[in-house]
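Visitor: Fold the following, please.
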Amino acid sequence: MNPRTIALIPARSGSKGIKNKNLLTLKGKTLIEWAVDFATSHSAVMDTYISTDSVEYESLAIKSGAKSLGLRKQELSLDSSKTIDLALNFIQQLKDQSIQFEYLLLLQPTSPIRFKTELDSAIEIIEKYKSDAVVSVSEIEDPHPMKVKKIDAELNLTSFISHSDSETPRQALPKSYKLTGAYYLNRVESLIREKTFFPKSTKALVTKDRVNIDSLTDYEFAKFLFESDKIKQDGF
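Guide: Sure, this is the predicted structure:
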């Protein structure tokens with residue numbers, strides 16, 4: 001497998017839910033370090049970069065083996081900033097340096113459960129199907145999206161998805177999937193052309209359900225998984 005992939009780890013410091021979320025530790029390593037360690041240890045990844053607005057985050061990532069193109073511009077570090085804009089800016093910076101690569105691998109630090117064999121599978125999928133992207137997903141067990149409700153200003157309860165029936169047996173419903181946040185593997189040409197991580201030819205990398213750390217409850221669950229070695233026991 002030729003190393004034609006560059007990994008990008010986005011780590012903004014201004015998280016609202018949990019302060020300095022990317023510095024949370026699991027088994028003695030921060031979420032940033034877990035992401036860097038994963039990328040730098042895989043033979044398909046030619047280089048790993050941190051993208052951050054924090055000198056502290058940047059220093060930590062560099063010490064762990066990542067590179068940096070400097071701190072983000074302010075307009076790419078706002079609550080309203082889109083990751084796709086960050087990625088496109090990063091790609092242009094590398095092109096300005098005449099750095100050639102075929103795939104961009106986005107690794108969110110807040111989705112720390114990853115395995116080399118999964119990335120192998122993602123690369124195999126994108127090459128086998130000549131697709132533009134592979135994104136990791138896991139099956140939604142409960143609640144199924146077709147059973148989810150919404151409430152209007154007068155407290156009327158209706159189906160979130162039109163014409164769905166919440167009384168349909170779960171076994172009769174089509175399988176549904178959610179993003180895990182662990183892997184976004186995209187062809188660079190497609191990102192530039194379509195300006196999205198989800199082009200028409202996006203394929204799925206189906207994995208077991210994963211924790212995506214957005215709250216303290218998520219973090220406590222992640223600590224349980226790592227500290228109990230449940231990840232290995234469950235065959236993740």
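Visitor: For D218, grab the count of nearby residues.
Guide: Neighbourhood size, D218 [other Cβ atoms under 10 Å]: 17. Backbone N, C-alpha and C define where each C-beta goes, glycine included.
Visitor: For it, list the residues it contacts.
Guide: By Cβ atoms under 8 Å, 6 or more residues apart in numbering, D218 lies in contact with 211-212.
Visitor: Quick one: the strands in the protein, in order.
Guide: Here the chain has its strands, by DSSP state E, at 5-10, 25-26, 29-30, 45-51, 67-68, 103-106, 133-139, 149-151, 157-159, 177-187, 202-206.
Visitor: TSV for the ones you listed, including distance to Y219, mean neighbour count and mean pLDDT?
Guide: As requested, the strands of the chain are exported to TSV (distance: least, Cβ to Cβ, whole Å; neighbours: other Cβ atoms under 10 Å; pLDDT from 0 to 100):
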stretch	distance to Y219	mean neighbour count	mean pLDDT
strand 5-10	18	24	97
strand 25-26	9	16	96
strand 29-30	12	18	96
strand 45-51	21	22	97
strand 67-68	26	14	98
strand 103-106	21	24	98
strand 133-139	19	21	97
strand 149-151	28	11	93
strand 157-159	32	12	90
strand 177-187	14	22	96
strand 202-206	24	17	97
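Visitor: and of these, who's closest to F226?
Guide: Counting by Cβ to Cβ, F226 lies closest to strand 25-26 out of the strands of the chain; the figure is 4.5 Å.
Visitor: List the pairing partners of the closest one within its sheet, with orientation.
Guide: In the sheet, strand 25-26 lines up against strand 29-30 (antiparallel) (DSSP bridges).
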